[in-house]
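S.K.: here you go, sequence then predicted model.
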Number of protein chains: 2
Amino acid sequence: MAKKNVAWQALLLHKKLGGKIRVTPAAPIRNRGDLALMYTPGVATVSSVIAKKPKLARMYTIKKRMVAVISDGSAVLGLGNIGALGALPVMEGKCAIFKTFAGVDAVPLVLDTQDPERIVKTVIAIAPAFGGINLEDIAAPKCFDIEKRVIEALDIPVMHDDQHGTAIVVLAAILNALKVVKKKLSSARIVILGAGAAGTATAHILHAAGARDIVVLDSKGIVNGSRPEPHKRELAKFNARGVKGNLRDALKGADVLLGVSGPNLVKANDVFLMARKAVVLAMANPTPEIMPNEAKKGGAAVIATGRSDFPNQVNNSLAFPGVFRGALDNSVRKITAEMKLKAARAIAALVPNPTPNKIVPDMFDKRVAKAVAKVIR
Amino acid sequence: MAKKNVAWQALLLHKKLGGKIRVTPAAPIRNRGDLALMYTPGVATVSSVIAKKPKLARMYTIKKRMVAVISDGSAVLGLGNIGALGALPVMEGKCAIFKTFAGVDAVPLVLDTQDPERIVKTVIAIAPAFGGINLEDIAAPKCFDIEKRVIEALDIPVMHDDQHGTAIVVLAAILNALKVVKKKLSSARIVILGAGAAGTATAHILHAAGARDIVVLDSKGIVNGSRPEPHKRELAKFNARGVKGNLRDALKGADVLLGVSGPNLVKANDVFLMARKAVVLAMANPTPEIMPNEAKKGGAAVIATGRSDFPNQVNNSLAFPGVFRGALDNSVRKITAEMKLKAARAIAALVPNPTPNKIVPDMFDKRVAKAVAKVIR
């Protein structure tokens, strides 16, 4: 479909549907007998039992299967800070994906506040009905502290998908891309363009997976220990050779370039500076940091984007549905760094013989969510 | 079904279902083409359009059709303060009823706080995704102020169902019961046992409908102008003859007794004090203030309860689904006193020739929600 066509058709479909999810009873209410069990008087027994032993909510209620997809609309897709209502169609879409790919019942919530303190308090206040919280499209750097505080406060899994969903699928893609070019993660020189939610979490998971040479850049160049933001000072520690300067300085001899920033920031000339058999993941959406044909001109051997119209679509949908499916099924209280690593490896393992045009499984491959869910325990 | 049997079967059903609602995509996501319209890149257009003109959220998103059913678990059914998780099965049941009776997509939210200030702030914070807010099972007197503040803060309809849902159906029942006994509302002596959420709202709607002699009692007796609670001092104003004392004092010569308090508080002897052709509505659930056979012994001509196993089941389900259906369909921003009156009259009108055993329509009568929705505009 042409781009304009997609835009137009999407508007039409959204208008026709009037919201992309539906809430339905899990069993029919046809008569007084049904009502007596689904509602009063039968429900009083269920409520009393849970009131005495709150743990049983996981047996008798929707907490067993329901996830909240929550955003303040401060960093939506490539659109930036478009607010709660602007973010709502994206959250609905995620909820539809949750059900389609992993059978998870997900509810979109968009917040009438962008204040970190109020976001944290609101998420904690509405948590009881949910078995998990998927934070979404919250701007960096506040997203780091918000996620941390909500995780500490709750006994259900909480994940900011822009950070960790992205990190998991990107690691899976890089593991298989390096396999294609026969390089090792431990000795690979990796450049990450973008020090926001995705760049930061990806740097951390790559380091946890064994990468030892990671240079991260923000709009001011390679981040170093004197940046004002604490999360960027942390990232500077991964820069083992102490590389300084701009993107071109970083790319000299690099094995992997990961773009998690914005459209058209990288040229074929830049890729040309990289080592032989370079891997380029240009994740900005809908317009990547560099188009695949340009990256190829620059000599890249393996190229991936976030788009469905090129090979190697690296999309969070490979990770988040399975992560929460597993967390719900296995009553996981916290999604650990170890689990995220295992999830990335499980996704990579579904493509045992990767090629330049096939480093990650297809989003519609039904094995993906199952394989991920299995290791979230 | 025997009571014990219902309790047991309800537990089994809740365990089998693991939550009484499901969230599903409104259209299938079968392939990349579907995904491009339901999610990226198509959704970016929808989000941008809404960001520019937030009103369009009512056209393109779930805000058009989704209601939140929110409780802090402080006054659940007849069970009292059983907390958020204890309340969850009830809220799920209400969501199932919303869809079954009126096609409304409703999401259960239970709050990890019982502090009025935090409840108000939380409801306001999560409001953007919703087209309406159904507050539920929040204890009196805090429920009055919470509802008032949330209504003032939001531009979507907000209704505390324990107050107004009950008030609407009770008024409908009383209108038809008085028709059966050929008495007028304007001259009827009405006694309300219970000055909580339901009793208070019912007294107000009865007064708005034309009742001029309403005596309300709490656990200390007939409420008067020196009660510490402001809402009770308001109720005392409806006591036109200035009746003082206890329930028996109130019941002398009364035409209507409405029980919205607790089990077994009224005896046949008490009903015997009432005027000829007395109307008794004993709404406490699951055990009414007086059982129908006892009320009959006391001489009551028309008897109603909240239960499905006796004639004249007066249940909120006759009101709230249609109220929110109408509010969503007609883009109503506030549910006014006038609308509530009209809703009660619309319900009563569905039984044009009421009899002692048939004063309200059947809950499964499909005309009810439609008739109510029609007048919420």
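M.R.: Yep, that arrived. If you're wondering where the values come from, they're calculated on a predicted model, not measured in any experiment.
S.K.: state the distance from the residue most central in space within chain A to chain B.
M.R.: In chain A, the residue lying closest to the centroid (Cα atoms, centre = their mean) is residue A:165, at 2.5 Å. For residue A:165, the distance to chain B (Cβ to the nearest Cβ, to the nearest Å) stands at 14 Å. Using the backbone N, CA and C atoms, a C-beta is placed for each residue, glycine as well.
S.K.: show the contacting residues for residue A:94.
M.R.: A:69, A:106, A:108, A:134, A:136, A:161, A:320, B:39 (Cβ atoms under 8 Å, 6 or more residues apart in numbering or on different chains).
S.K.: check residue A:214 too.
M.R.: Residue A:214 touches A:190, A:191, A:192, A:203, A:206, A:207, A:235, A:238, A:239, A:240, counting by Cβ under 8 Å, 6+ apart.
S.K.: for it, give me the backbone phi and psi.
M.R.: phi -130, psi 120 (degrees, to the nearest 10).
S.K.: and it, bridged to which residues?
M.R.: Per DSSP bridges, the residues bridged to residue A:214 are residue A:190.
S.K.: list just the nearest of the contacts of residue A:214 to chain B.
M.R.: residue A:192 (21.6 Å; Cβ to the nearest Cβ).
S.K.: chain A: strands as residue ranges?
M.R.: Using DSSP state E, the strands found in chain A span residues A:21-25, A:66-71, A:105-110, A:132-135, A:158-160, A:190-193, A:214-218, A:221-222, A:256-259, A:278-282, A:300-305.
S.K.: dump the ones you listed into CSV; add mean pLDDT as well.
M.R.: Formatted as CSV, the strands of chain A follow (pLDDT from 0 to 100):
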stretch, mean pLDDT
strand A:21-25, 98
strand A:66-71, 98
strand A:105-110, 98
strand A:132-135, 98
strand A:158-160, 98
strand A:190-193, 98
strand A:214-218, 98
strand A:221-222, 98
strand A:256-259, 98
strand A:278-282, 98
strand A:300-305, 98
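S.K.: would you turn those into CSV with distance to residue B:32?
M.R.: Formatted as CSV, the strands of chain A follow (distance: least, Cβ to Cβ, whole Å):
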stretch, distance to residue B:32
strand A:21-25, 20
strand A:66-71, 21
strand A:105-110, 21
strand A:132-135, 22
strand A:158-160, 25
strand A:190-193, 26
strand A:214-218, 31
strand A:221-222, 36
strand A:256-259, 22
strand A:278-282, 19
strand A:300-305, 14
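S.K.: can you check the pLDDT for the closest residue in space to the residue nearest to the centre of chain A that isn't next to it in sequence?
M.R.: Excluding the flanking residues, the one nearest residue A:165 by Cβ to Cβ, 6 or more residues apart in numbering or on different chains is residue A:316, at 3.8 Å. Turning to residue A:316, the model gives it a pLDDT of 96.
S.K.: and the residue nearest to residue A:334 when sequence neighbours are not counted, what does it touch?
M.R.: Excluding its sequence neighbours, the residue lying closest to residue A:334 (Cβ to Cβ, 6+ apart) is residue A:157, at 6.2 Å. By Cβ under 8 Å, 6+ apart, the contact set of residue A:157 is A:131, A:132, A:133, A:324, A:327, A:332, A:333, A:334, A:335.
S.K.: most neighbours among those residues, which one?
M.R.: Highest neighbour count within the contacts of residue A:157: residue A:324, with 31 neighbours (other Cβ atoms under 10 Å in any protein chain shown).
S.K.: surely that residue meets residue A:133?
M.R.: No. Under the criterion of Cβ atoms under 8 Å, residue A:324 makes no contact with residue A:133, lying 9.3 Å away.
S.K.: common neighbours of these two, please.
M.R.: A:67, A:157, A:159.
S.K.: near chain B, which residues of the stretch 151-300 of chain A show up?
M.R.: A:285, A:286 (Cβ under 8 Å from any Cβ of the partner chain).
S.K.: in the stretch 151-300 of chain A, what residue is nearest chain B?
M.R.: residue A:286 (4.3 Å).
S.K.: quick check: that residue touching residue A:308?
M.R.: No. With contacts counted by Cβ under 8 Å, residue A:286 stays clear of residue A:308, the gap being 10.0 Å.
S.K.: where does chain A have low pLDDT?
M.R.: A:1-3 (pLDDT under 70).
S.K.: try 50
M.R.: A:1 (pLDDT under 50).
S.K.: contacting residues around residue A:108?
M.R.: Residue A:108 touches A:21, A:69, A:88, A:91, A:92, A:94, A:95, B:62, B:129, counting by Cβ under 8 Å, 6+ apart.
S.K.: look up how far chain B lies from the first one.
M.R.: The spacing between residue A:21 and chain B, counted by Cβ to the nearest Cβ, is 5 Å.
S.K.: now that residue. Nearest residue, chain neighbours left out?
M.R.: In space, residue A:21 is closest to residue A:95, 5.1 Å off (Cβ to Cβ, 6+ apart).
S.K.: equivalent analysis for the fourth one, please.
M.R.: Residue nearest to residue A:91 in three dimensions, not counting chain neighbours: residue A:108, with 3.5 Å by Cβ to Cβ, 6+ apart.
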